[in-house]
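Enquirer: compute the structure for the input listed below.
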Amino acid sequence: MKRFTAILTGLTLAVLLSANAQADQHGDDKRLFVSVTGSAAQDRAMPLVLANQALDQGAQVRVLLCGAGGEIAVADHELDALAPRGLTPRDLLNRLIQHEVTVEVCAIFLPNTDYTEDDLIDGVGVANPGDVAAWMMAPGTRLFGN
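Expert: Numbers count the residues shown, from 1 in each chain. Prediction:
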């Protein structure tokens, strides 16, 4: 019986070490894709709060702004500050841009509004659906949207 327990313990340890090695090997695969579509200020801000937190925790982050979420990237669009820190969704977005996060508006955002690329804040591009889909499908990518 002791021999069986020792063998079982050894196998369990081997499996755990193997899983740990795999996790370490894929540690660079921490990726978060965030889609912001909400029209309410909190719906726009919270995904960006989480994106900033993920960035601080070492994740590679990419942000897609669609619909009302796209208005965050429009320079003239007024945004309300939110408690408790008094930040606007654009403040949160700007921090991501400063950390070289890819931030884009949906490919259909500009053609379906009166805005042009010139209306977007610096650091925001227009998404290519094929590129976005490839990024989303890559191993290790987690998706978050509202």
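Enquirer: lowest-confidence helix or strand of this structure?
Expert: helix 2-25 (a mean of 40; mean pLDDT, DSSP states H and E).
Enquirer: tell me the mean pLDDT for the helix or strand following that one?
Expert: Using DSSP states H and E, the helix or strand that follows helix 2-25 in sequence is strand 31-36. The pLDDT scores in strand 31-36 average 97.
Enquirer: mind checking what helix or strand follows strand 31-36 in sequence?
Expert: Next along the chain after strand 31-36, taking DSSP H and E as the criterion, comes helix 41-56.
Enquirer: ok, residues contacting the next helix or strand after that following helix?
Expert: Remark: after helix 41-56, the chain's next helix or strand is strand 60-65, criterion DSSP H and E. Applying CB atoms under 8 Å, 6 or more residues apart in numbering, the contact partners of strand 60-65 are 30-37, 47-48, 51, 54-55, 72-73, 93, 96, 101-106, 109, 124, 127, 132, 135. Heads up, the C-betas are built off the backbone N, CA and C, glycines and all.
Enquirer: equivalent analysis for stretch 37-52, please.
Expert: Against stretch 37-52 from outside (CB under 8 Å, 6+ apart): 32, 34-36, 61, 63, 65-69, 72, 79-80, 82, 87-89, 92-93, 95-96, 101, 144-146.
Enquirer: alright, that wraps it up for me.
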